[in-house]
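J.: Give me the fold of what follows.
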Amino acid sequence: MLKGLIFDVDGVLMDSMPYHADAWVQAFGEVGIHITNMDIYEIEGSNHKGVVDLIFHKAGMEPDTSDYEVFLIKKRENFLRNNRAEPFKGMQMCLKALKKKYKLAVASGADRTIVNALMGQFYPGIFEAIVSGEDVTRGKPDPEPYLKAALKLGLEPEECMVIENAPLGIKSAKMAGIYCVAVPTYLPKEKLMGADMVLTDHAELIAYLSGLI
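T.: This is a model prediction of the structure:
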């Protein structure tokens with residue numbers, strides 16, 4: 001029986017990934033690693049450690065232990081300076097309705113400062129649990145983020161549903177044993193076929209979620 005819904009943040013609740021990607025591109029560019037926004041979209045869901053590892057390895061380099069904290073701070077500063085993220089139309093009202101029937105959580109790869117700021121500004125009082133990239137040892141695609149969110153809700157994985165928009169997040173949900181619904185935002189639908197259900201856009205997502213009430 002479905003009792004809880006766990007949402008990814010960037011690309012599901014917030015139209016924010018372009019600002020995250022820009023922030024990472026700028027941070028890596030400062031040390032001579034040149035990437036594009038698409039490089040970040042394809043690994044969306046990783047926490048900061050995962051992003052640093054993946055981008056460094058792609059460049060044929062190995063990060064130092066100190067690089068993780070340095071890039072976390074650089075990326076956060078870049079994001080907060082240039083952020084103009086907005087919630088997807090209709091999602092706030094939809095979640096307020098869902099909250100009357102289900103326990104709600106978020107599980108994001110973004111750092112705690114950014115996740116809390118976005119949820120506090122746009123979804124205040126909605127979520128019973130928030131899991132950020134800094135709250136887990138292993139970020140997506142590891143199942144830890146979604147397992148931790150379910151645990152914080154006091155639910156078993158099979159009592160939850162995950163709403164995702166990225167391949168690594170979908171893999172994380174499925175490895176956690178949680179039913180996953182995906183919506184394409186920054187990547188084509190074909191990249192999301194690991195989900196149990198792939199919708200067309202946010203309008204269809206809202207219609208689907210509203211049907212659960």
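J.: ok, longest helix in this structure?
T.: For the chain, the helix that runs over the most residues, judged by DSSP state H, is helix 65-82.
J.: other SSEs contacting that helix?
T.: Helix 65-82 sits against helix 17-29, helix 48-58, helix 112-122, with contacts defined as 3 or more C-beta pairs under 8 Å, 6 or more residues apart in numbering; DSSP states H and E. For the C-beta atoms, the positions are set from N, CA and C on the backbone; glycine is no exception.
J.: Give the rounded mean pLDDT of that helix.
T.: What helix 65-82 shows for mean pLDDT is 88.
J.: need the strands for the chain, in chain order.
T.: Assigned strands in the chain, in chain order: 4-7, 14-15, 86-87, 103-107, 129-131, 160-164, 179-182, 197-198 (criterion: DSSP state E).
J.: right, and the ones you listed - which one's nearest Lys49?
T.: strand 129-131 (15.0 Å; C-beta to C-beta).
J.: one step back: can you convert the strands of the chain into CSV and add a column each for mean pLDDT and mean neighbour count?
T.: Formatted as CSV, the strands of the chain follow (pLDDT from 0 to 100; neighbours: other C-beta atoms under 10 Å):
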stretch, mean pLDDT, mean neighbour count
strand 4-7, 98, 26
strand 14-15, 92, 24
strand 86-87, 94, 13
strand 103-107, 98, 25
strand 129-131, 97, 22
strand 160-164, 98, 26
strand 179-182, 98, 23
strand 197-198, 97, 16
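J.: Now distance to Val51 too, for those, in CSV please.
T.: Shown next, in CSV, are these (distance: least, C-beta to C-beta, whole Å):
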stretch, distance to Val51
strand 4-7, 20
strand 14-15, 18
strand 86-87, 23
strand 103-107, 16
strand 129-131, 17
strand 160-164, 17
strand 179-182, 21
strand 197-198, 24
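J.: Tell me which of those strands lies nearest to Phe122.
T.: strand 86-87 (4.7 Å).
J.: Helix 17-29 and the longest helix of the chain, what's the angle between them?
T.: 130 degrees (axes from the mean of the first three to the mean of the last three C-alpha atoms, to 10 degrees).
J.: Show residues contacting helix 65-82.
T.: 19-20, 22-24, 26-28, 30, 48-49, 51-52, 56, 111, 113-114, 117 (C-beta atoms under 8 Å, 6 or more residues apart in numbering).
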